[in-house]
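Undergrad: my questions concern the predicted model and sequence given below.
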Amino acid sequence: MRVDLRLYALVDPERAVGRDPAVLARLVAQGGATLVQLRDKHSDTRAMVARARAIKAALAPLNVPLLINDRLDVALAAGAAGAHVGQEDMAVEDARRLLGPDALLGLSVKTVEQAEAAPIELLDYVGIGGVFATSSKDNPSPPIGPDGLARIVAVFRRRSPTFPLCAIAGIDRSNAGEAIAAGADGVAVISALSLKDDPRAAARDLRVVVERALAQQER
């Protein structure tokens, strides 16, 4: 299946302000998130599998897929739709072999060189960033900004014109349009949804911004 990246919500228990991650995932999906990722860097494996299963169950009535960050074992055990890996995680080739041909698999890309090297024939999408400054991830690299995003997008558009791409890091209502204008098909967000008093409304508002920006790109 082709992945829908318009509003990619990353759910992190450490940034859920006390909410149950499954409840948070359901709220953002009700508001318009098209894809959800569980990003959990610190829980033990058994707890993470249980959490992933709960999120999957919460998303099932809304037909929103769940991906797991980094942990392919958790993705497989929980029956998630797939996984997302970074440049320092398991190699894409190994991840695809373990997940099988039908799972969704995404990769983080930060540089033009990584974009050139990405094995897109094994991937369903790429997340590009960090685009803007963010407090939700330890990232020693400076933000690439919309211009850096556009340069990386151009590499993928040359390699495969319709390959799905999303922008990540520091994205909210104020700058999501810039990310789309730079060529992204959607935005991946944590704080702009999770830290809001009403995550459902925040997702709805951000989805409107993304849709407007995408419509502008199509003109």
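TA: Cool, the structure landed.

Undergrad: starting at the chain centroid, how far to the biggest helix by length in the chain?
TA: The longest helix of the chain (DSSP state H) is helix 199-218. Its chain's C-alpha centre and that of helix 199-218 lie 15 Å apart, by CA atoms, centre = their mean, to the nearest Å.

Undergrad: against which helices or strands is it packed?
TA: The contact analysis (3 or more CB pairs under 8 Å, 6 or more residues apart in numbering; DSSP states H and E) places helix 199-218 against strand 7-11, helix 21-31, helix 176-181, strand 186-189, helix 191-194. For every residue, glycine as well, the C-beta is placed using N, CA and C.

Undergrad: so which of those is the most packed in?
TA: strand 186-189 (a mean of 29; mean count of other CB atoms under 10 Å).

Undergrad: what pairs with it, and is each one parallel or antiparallel?
TA: Sheet pairing of strand 186-189 (DSSP bridges) gives strand 7-11 (parallel), strand 165-168 (parallel).

Undergrad: mind putting those strands into JSON lines with mean pLDDT and distance to residue 157?
TA: Below are the strands paired with strand 186-189 laid out as JSON lines (pLDDT from 0 to 100; distance: least, CB to CB, whole Å):
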{"stretch": "strand 7-11", "mean pLDDT": "98", "distance to residue 157": "19"}
{"stretch": "strand 165-168", "mean pLDDT": "98", "distance to residue 157": "8"}
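
Undergrad: of all those, which one is nearest residue 193?
TA: strand 7-11 (5.5 Å; CB to CB).

Undergrad: next one: that closest one to chain centre, how far?
TA: That offset, for strand 7-11, works out to 5 Å (CA atoms, centre = their mean).

Undergrad: what does it contact?
TA: Here strand 7-11 makes contact (CB atoms under 8 Å, 6 or more residues apart in numbering) with 21, 24-25, 28-29, 32-39, 55, 69, 127, 166, 168, 186-190, 193-194, 203, 206-207, 210.
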